[in-house]
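Participant: dropping the sequence and predicted coords here.
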Amino acid sequence: MRPHRAWLLVILLGITSFCCGGCGERGPARYQLSGTVTFAGQPIKAGMIVFEPNAGTTGPGESARIVDGRYQTPKGLVPGVMKATIQGCDGIPYEVPGEGINPNGKELFAPYATTVTMPAEDFEQSFDVPAAGR
């Protein structure tokens, strides 16, 4: 999959989570998740993290942009175990012939998946994508 198409998929998943996440009356309690994201020890300049509830966790997922090595969930997450899929780019915009500018730059590694256990409180979690994730 080309990098720009992968980003389109991530953006569409994020929009879907955003639109459907607020359905219903109030919904479940959500808590902010923020922190740093590095690749082989260096801050990721641009990217996205998509959080999805694992089995046993109910509630909406969410996505968060990575900017200069930091992220924060816009609406927050429900408590429980979340799958976190990280996509990181070099942050150097480049032109895709016939499609325009890709502002995030080139992908640094294939999407990297891990998990995070979200407590029932605002929480900070750092992620380090290993160099082997290339």
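Facilitator: That came in fine, so what should we check first?
Participant: output the below-cut-off pLDDT ranges for the protein.
Facilitator: 1-25, 133-134 (pLDDT under 70).
Participant: hmm, 90 instead?
Facilitator: 1-28, 40, 55-56, 96, 99, 102-103, 131-134 (pLDDT under 90).
Participant: what does the top strand by length along it rub up against?
Facilitator: Assignment by DSSP state E gives strand 80-89 as the longest strand of the chain. Strand 80-89 is contacted by residues 3, 6-7, 10, 37, 39, 44-54, 56-59, 61, 66, 104-109, 111-118, 127, 129 when judged by C-beta atoms under 8 Å, 6 or more residues apart in numbering. Quick note: C-beta positions are derived from backbone N, CA and C, even for glycine.
Participant: specify the beta-bridge partners of residue 113.
Facilitator: For residue 113, the beta-bridge partners under DSSP bridges are residue 85.
Participant: dump stretch 120-130 to CSV, restricted to CA.
Facilitator: Listed in CSV are the C-alpha atoms of stretch 120-130, where the atom choice follows Å, rounded to 0.1, in the frame of the first residue of the first chain:
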residue,chain,number,x,y,z
ALA,A,120,-9.9,5.2,35.0
GLU,A,121,-7.9,8.4,35.1
ASP,A,122,-5.9,10.7,32.9
PHE,A,123,-2.7,8.9,32.0
GLU,A,124,0.6,9.4,30.3
GLN,A,125,2.1,6.6,28.2
SER,A,126,5.3,6.7,26.1
PHE,A,127,5.8,4.4,23.1
ASP,A,128,9.2,3.5,21.6
VAL,A,129,8.9,1.7,18.2
PRO,A,130,12.0,-0.5,18.0
